[in-house]
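# this one's sequence-less:
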């Protein structure tokens, strides 16, 4: 049961772990888009912009979502777009394996931070790959991968 002693753990997860996992997810999309010669705009959070450097923006409500928008892939085909859409989940999976390997090798010690990090990374991976259409203009990564491979329709907006 959730009690008062769980509030610090909740805030820790909500304000630190989930934004880190989201950042890794969006960096995966960005990396893949750049790998295929795309231009990337990267935004962390919602609200007013508090910091901007080139095409990277940090918003005031940093823990509420992040987004990577790409355009003009040099290698513009179904496969490259599918890779960009899958990039977020791949980055989350890679981070899980890296953290677990570092714990297994005793470089890190197992603790609440790493447990929650892996937990939310698995959550992000699974739910991003479920093929769901949220609206006419927005869908999950899994749905975007399906659409681009099946119909050749790229939305250029992972997540």
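All right, it came through fine. Since the structure is predicted, the reported quantities are computational estimates derived from the model, not experimental observations.
# below-threshold pLDDT in the chain: ranges please.
Across the chain, the ranges flagged by pLDDT under 70 are 155-159.
# can you list the buried residues in the host helix or strand of residue 25?
Secondary-structure assignment from DSSP states H and E places residue 25 in helix 18-35. Using 16 or more other CB atoms under 10 Å as the test for burial, helix 18-35 gives 18-22, 24-33. Using the backbone N, CA and C atoms, a C-beta is placed for each residue, glycine as well.
# ok, then the element right after the top helix by length along the chain?
Longest among the helix segments of the chain by residue count, using DSSP state H, is helix 78-104. Remark: after helix 78-104, the chain's next helix or strand is helix 112-129, criterion DSSP H and E.
# now that following helix and helix 78-104, what's the angle there?
Between the axes of helix 112-129 and helix 78-104, defined by axes from the mean of the first three to the mean of the last three CA atoms, to 10 degrees, the angle is 160 degrees.
# burial count for residue 63?
Here the neighbour count serves as a burial measure; for residue 63 (other CB atoms under 10 Å) it reads 18.
# helix, strand or coil for it?
Per DSSP: H, G, I helix; E, B strand; the rest coil, the secondary structure class of residue 63 is strand.
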